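**Student:** can't give you the sequence, but here's the structure:
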């Protein structure tokens, strides 16, 4: 296969590029580095099966030659990033999705959209199943990301129904691993960075909000299986092991042997921050024969080793 990955210099996109190359495919990556990092791809320099194009996919996309699959991963994904870049976030979810779907239609290629658990908003259903429509604040600060992804899903399904494009939608839950940015504002790099510096871990709110953490190699395997499946509806990919943020902070302090403890800052909880987050992965198990295999202990060990070099 010859695969196009938008946002391929990002955390997830670069791991996807590695997976497809390891399976003997050719990979074309497009990224404008608004949040991606060239260092995530530097190990691929000189690989004859890898090609990079610097471009903003919110503008028309031209890629010469045949393309067998388009994976649309271009988008700011952390609150710090999409609050800093609200309009580019909305544009890449709308115009960028339209342009990427246009490539897939023109090349007669499969299309896979990177959607998110954030389309469920602050959920009233727990755990979250793919048929839950969500509880999203359209005008809150997180709305620029949530609504961009909801629109992207609608556009993707429209191309499937109207043009017969073979589309796939993955709803990604909290994922962690090497190549995350220390300053991206998400809880895993925040906690690990503070722990490795010997600082107290900062918990926003009262720490009772829950998350479920999936290691990046597990996520990539689920995405790879979804692309090669015949299933055209959204699929949750994530780890169903749920824990509170306070519990997670204690785990990170224990693993890193950080004696500085935890500081609670209730006033800094972001507006609209989901109180619960846990995927129902029944669909992934039944259709993709997928479920996570990397334990939190093993995943954190690999992630902490990576961040030791960044701190």
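**Tutor:** Right, received. Where do you want to start? Just so we're clear, the structure is a prediction, and the values are computed from it rather than from any experiment. Numbers count the residues shown, from 1 in each chain.
**Student:** other SSEs contacting the lengthiest helix in the chain?
**Tutor:** If each helix of the chain is counted by residues according to DSSP state H, the longest one is helix 143-163. Secondary-structure packing of helix 143-163 (3 or more C-beta pairs under 8 Å, 6 or more residues apart in numbering; DSSP states H and E): helix 79-84, helix 86-91, helix 97-107, strand 110-116, strand 167-172. For glycine as for every other residue, the C-beta is placed from the backbone atoms N, C-alpha and C.
**Student:** Which residues belonging to it are considered buried?
**Tutor:** 143-153, 155-157, 159-160 (16 or more other C-beta atoms under 10 Å).
**Student:** and which of the residues you listed is nearest to residue 29?
**Tutor:** For the buried residues of helix 143-163, the closest approach to residue 29 (C-beta to C-beta) belongs to residue 152, at 19.2 Å.
**Student:** My read is that that closest one contacts residue 94, right?
**Tutor:** Yes. If you go by C-beta atoms under 8 Å, residue 152 and residue 94 touch, sitting 7.2 Å apart.
**Student:** tell me the contacts of residue 275?
**Tutor:** 122, 208, 209, 210 (C-beta atoms under 8 Å, 6 or more residues apart in numbering).
**Student:** For those residues, which PyMOL command selects only the ones that are buried?
**Tutor:** Buried members of those, defined by 16+ other C-beta under 10 Å, are picked up in PyMOL with:
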select buried, resi 122+209+210
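**Student:** how near is the nearest residue to residue 201 once chain neighbours are set aside to residue 64?
**Tutor:** Distances taken as C-beta to C-beta, 6 or more residues apart in numbering place residue 249 nearest to residue 201, at 4.5 Å, with adjacent residues excluded. As judged by C-beta to C-beta, to the nearest Å, residue 249 and residue 64 stand 49 Å apart.
**Student:** With residue 173 instead?
**Tutor:** From residue 173 to residue 64 the distance is 36 Å (C-beta to C-beta).
**Student:** So those two - more neighbours on which side?
**Tutor:** Shown here are residue 173 and residue 64; by other C-beta atoms under 10 Å, residue 173 has more neighbours (25 against 7).
**Student:** which phi and psi does the residue nearest to the more buried one when sequence neighbours are not counted have?
**Tutor:** Closest residue to residue 173 apart from its sequence neighbours, by C-beta to C-beta, 6+ apart: residue 238 at 2.6 Å. The phi/psi pair for residue 238 (degrees, to the nearest 10) reads phi -180, psi 180.
**Student:** who touches residue 238 in this structure?
**Tutor:** By C-beta under 8 Å, 6+ apart, the neighbours of residue 238 are 117, 172, 173, 174, 175, 212, 214, 219, 279, 281, 292.
**Student:** What about the residues you listed, which are in helices?
**Tutor:** residue 219.
**Student:** residues in contact with the residue of the chain positioned farthest from its centre?
**Tutor:** Computed with C-alpha atoms, centre = their mean, the residue of the chain farthest from its C-alpha average is residue 259, at 31.3 Å. Going by C-beta under 8 Å, 6+ apart, residue 259 touches residue 198.
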